[in-house]
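Asks: Compute the structure for the input listed below.
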Amino acid sequence: MHYFRVHPGQWDHRLAMLRAMGLNTVETYVPWNLHEPRPGDFRRLEELTDFLEAAARHDLLAIVRPGPYICAEWENGGLPSWLTHTLGRRVRTGDAAYLERVDHWFDQLIPRIAEHQITQGGNVIMVQVENEYGSYGSDSGYLLHLVDLLRDSGIEVPLFTSDGPEDHMLTGGAVPGILATANFGSEPEAAFATLRRHRPHDPATCMELWLGWFDHWGSEHVTRTAADAADVLERLLKEGGSVNIYMAHGGTNFGTWAGANHEGTYRPTVTSYDYDAPISEDGRPTEKYWRFREILSRYNSAPEPPPAPPVLPPSRVRMTGSAALADAFPAESVTAPVPPTFEELGLVHGLVRYRVDVPGPRQPYPLTVDGLHDRAHVYVDGVRVATLSRDGGESVDVAGPARVELLVESLGRVNYGTRLGECKGIVGGILHERQYLHGVTAQALSLEELPPVPFREGTGSPVPAFFRGSLEVEEPADAFLALPGWEHGYVWVNGFGLGRYWSRGPQRTLYLPGPVLRPGANEVVVLELDAVGEPVVEIRASPDLGRPERP
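Replies: Numbers count the residues shown, from 1 in each chain. Predicted structure coming up:
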């Protein structure tokens, strides 16, 4: 369970659910980019220590995986975008500039973990060195630097690495003298046999037992039957192994923190991180929960689960105000010969509006974007003419002279593999036929938080636009927000970012945690980028994560 994927007001309930499933320990990653979004700008670090204290209240030990790289289907694998922009391929190596930034980050982070170690009267029993490094690199000096750094920073409890149960992964990611663990989702006997071949004296430990999975936009919802998952868990425990269930409770990629994968094509991750886990996104026990509880209770005591959180009754929220997206952009702009990337503009998450002129007179030629990351609306002389996508290969014919604008959106930075650290925006150039168009003006709008929006009464603002309505609540409770007739955009409730929505699915609802709400009026803001029918959102009592993937 990741503290950053669950509203703090719900930690106690979710931790109680873990304990009642028969678990004795909770594991969490720590996302560097959440806590240092800009160099030296440290934020929200108290959340980790508060979470560890909450776990202790529920009689749970803790395992912390501080990275600095975490993967986790999280934006940029947890690495700050300013870091990967500056250092590129030098991250996750022994490069001196990279290690200097890691040292500075760990100076802030590790003492907070150290003070909660079991040796200091706390509940932290293990700390991870990097994350699945054998799937990425072979710089053993880098891993040894991290070991020394963790020890010098006060970590006394056992350190460990985690990698896939493959020879090249274990030899690339393991460190002599440090416990090696394996990550897998099936065939525990074979996985442990490989691990034991490399580490015959290490206890057999699965640091990630994948008993569910995550979803990508445009794909079907991935599920795994409770019977199949329970069978693997039971076989692993019969092997005498220790296990971390990934995920016991997945939670949500709130705001704009969902990552992406690139396996031949770019595949952005959805907002929900339900993961088909035994504890659902809104904290309810599933069939997997009861199957796992029956198995785990043979090994550990399991108190009764807490009551399920209350839910709001179904309702509809009509939008009553709106504002054109263009009116929310700040006046500041940058003009350069080539399009500046998000990172060059200092933008972590959001939108960039690029403007460039097509010379003329000239006949219509295809206008394309070299290195579009990830999606763009194209306007010619103020009229929207096309939507381009990263891997679509589309173009639009434009005659000159003309003013071209491109509204470019990031759909999440790649979190795993060789494309880690890619820049966002336009990373190549804007071409008319084969000719680069130079002299580009760019304006950036951050969506890290809800930006100031000059709302007006009525919903007549042309899309892309912000829309605002009010949700009346007697008693705050959980809900799911649906947007039938809306196409693609973002939602905030009382300024809290619920995440992205997209009509292409599979996810059709956004989870609305009860602690976000207050009695009385609650502001609902929707940024719609593509198109909208009736400007109404629905409050529902249950989720719609999409049609399950076919076997």
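Asks: got the contact list for the helix ranked longest in the chain?
Replies: Longest helix in the chain by number of residues (criterion: DSSP state H): helix 96-114. In this structure, residues lying in contact with helix 96-114 by C-beta atoms under 8 Å, 6 or more residues apart in numbering are 30, 32, 35-36, 42, 45, 48-49, 52, 64, 66, 68, 83, 86-87, 90-92, 120, 124, 127, 142, 145-146, 149-150, 153-156. Any C-beta I mention is one placed from the backbone N, CA and C, and that applies to glycine too.
Asks: Repeat that for stretch 286-306.
Replies: Outside stretch 286-306, the residues within contact range by C-beta under 8 Å, 6+ apart are 13, 16-17, 19-24, 211-212, 226-227, 229-230, 233-234, 237, 245, 276-280, 285.
Asks: same thing with stretch 389-400?
Replies: So stretch 389-400 is in contact with 265-266, 358-368, 372-375, 378, 380, 385-388, 404, 411, 432, going by C-beta under 8 Å, 6+ apart.
Asks: you'd agree His168 is in a strand?
Replies: No. According to DSSP: H, G, I helix; E, B strand; the rest coil, the state of His168 is helix, so it is not within a strand.
Asks: so it makes contact with Ser135?
Replies: No. Assessed by C-beta atoms under 8 Å, His168 is found out of contact with Ser135, at 9.0 Å.
Asks: between those two, which one's more packed in?
Replies: Between His168 and Ser135, counted using other C-beta atoms under 10 Å, Ser135 has the larger neighbour count: 17 against 12.
Asks: Pretty sure that one sits against Gly164.
Replies: Yes. The pair Ser135 / Gly164 is scored as a contact, 6.1 Å apart, by C-beta under 8 Å.
Asks: So what's the predicted local confidence for Glu263?
Replies: Note on Glu263: pLDDT of 89.
Asks: Could you pull up the residues touching it?
Replies: Contact analysis of Glu263 by C-beta under 8 Å, 6+ apart lists Gly417.
Asks: ok, it to His216 distance?
Replies: When C-beta to C-beta, to the nearest Å is applied, the distance between Glu263 and His216 equals 10 Å.
Asks: With Ala386 instead?
Replies: Distance, Ala386 to His216, using C-beta to C-beta: 24 Å.
Asks: These two: which is more packed in?
Replies: Of the pair Ala386 and His216, His216 is the one with more neighbours under other C-beta under 10 Å, namely 20 against 16.
Asks: so what's that one closest to, chain neighbours aside?
Replies: Computed as C-beta to C-beta, 6 or more residues apart in numbering, the closest residue to His216 that is not its neighbour in sequence is Arg267, at 4.2 Å.
Asks: Share the number of residues neighbouring that neighbour, please.
Replies: Per other C-beta under 10 Å, the neighbour tally for Arg267 reads 19.
Asks: contacting residues for it?
Replies: 216-219, 260-261.
Asks: try 10 Å this time
Replies: In this structure, Arg267 makes contact with 215-219, 259-261, 391, 411-412, 414, judged by C-beta atoms under 10 Å, 6 or more residues apart in numbering.
Asks: For whatever helix or strand it lives in, what is the distance to the chain centroid?
Replies: Arg267 belongs to strand 266-268 when elements are defined using DSSP states H and E. From the chain centre to the centre of strand 266-268 is a distance of 13 Å (C-alpha atoms, centre = their mean, to the nearest Å).
Asks: In the sheet, which strands lie alongside that strand, parallel or antiparallel?
Replies: strand 260-262 (antiparallel) (DSSP bridges).
Asks: outside of the strand it pairs with, which residues touch it?
Replies: Counting by C-beta under 10 Å, 6+ apart, the neighbours of strand 260-262 from elsewhere in the structure are 73, 75-76, 214, 216-217, 266-269, 373-374, 390-391, 410-420, 422.
Asks: Recalculate using a threshold of 6 Å.
Replies: Around strand 260-262, the neighbours that count as contacts under C-beta atoms under 6 Å, 6 or more residues apart in numbering are 267-269, 412, 414, 419.
Asks: Please check those and keep the buried ones.
Replies: Among the contacts of strand 260-262, the ones that count as buried by 16 or more other C-beta atoms under 10 Å are 267-269, 412, 414.
Asks: immediately after the strand ranked longest in the chain, which helix or strand?
Replies: The strand of greatest length in the chain, counted in residues with DSSP state E as the criterion, is given as strand 350-373. Once the chain leaves strand 350-373, the next helix or strand it forms, by DSSP H and E, is strand 375-380.
Asks: Can you list the strands that that following strand pairs with?
Replies: In the sheet containing strand 375-380, its partner strands are strand 383-389 (antiparallel), strand 396-409 (antiparallel), by DSSP bridges.
Asks: Buried residues in the last one, which are they?
Replies: The one in question is strand 396-409. Neighbour-count burial for strand 396-409, counted by 16+ other C-beta under 10 Å, picks out 398, 400, 402, 404-409.
Asks: How far off centre is the following helix or strand past it?
Replies: Scanning forward in sequence from strand 396-409, with DSSP H and E defining helices and strands, the next element found is strand 425-432. For strand 425-432, the gap between its own C-alpha mean and the chain's C-alpha mean amounts to 26 Å (C-alpha atoms, centre = their mean).
Asks: So which elements touch strand 425-432?
Replies: Other helices and strands packing on strand 425-432, by 3 or more C-beta pairs under 6 Å, 6 or more residues apart in numbering; DSSP states H and E, are strand 350-373.
Asks: And the pLDDT at the nearest residue to Val30 once chain neighbours are set aside?
Replies: Taking C-beta to C-beta, 6+ apart as the measure, Val30 lies nearest to Pro66, with 4.5 Å between them; neighbours along the chain are not counted. pLDDT, Pro66: 98.
Asks: Skip the chain neighbours and tell me the closest residue to Thr25.
Replies: What sits nearest to Thr25 in space, not counting adjacent residues and going by C-beta to C-beta, 6+ apart, is Leu61, at 4.2 Å.
Asks: before we move on, the earlier item: buried ones among the contacts of stretch 389-400?
Replies: So, by 16+ other C-beta under 10 Å, the buried ones in these are 266, 358, 365, 367-368, 372-375, 378, 380, 386-388, 404, 411, 432.
Asks: Ala442 belongs to a strand?
Replies: Yes. Under three-state DSSP, Ala442 falls within a strand.
Asks: Quick one: neighbours of it, just the number.
Replies: Once other C-beta under 10 Å is used to define contacts, Ala442 is seen to have 25 neighbours.
Asks: that older thread, could you pull out the buried residues of whichever helix or strand comes after the strand holding Arg267?
Replies: Note on strand 266-268: by DSSP H and E, the next helix or strand toward the C-terminus is helix 287-296. Judged by neighbour count using 16+ other C-beta under 10 Å, the buried positions of helix 287-296 are 288-289, 291-293, 295-296.
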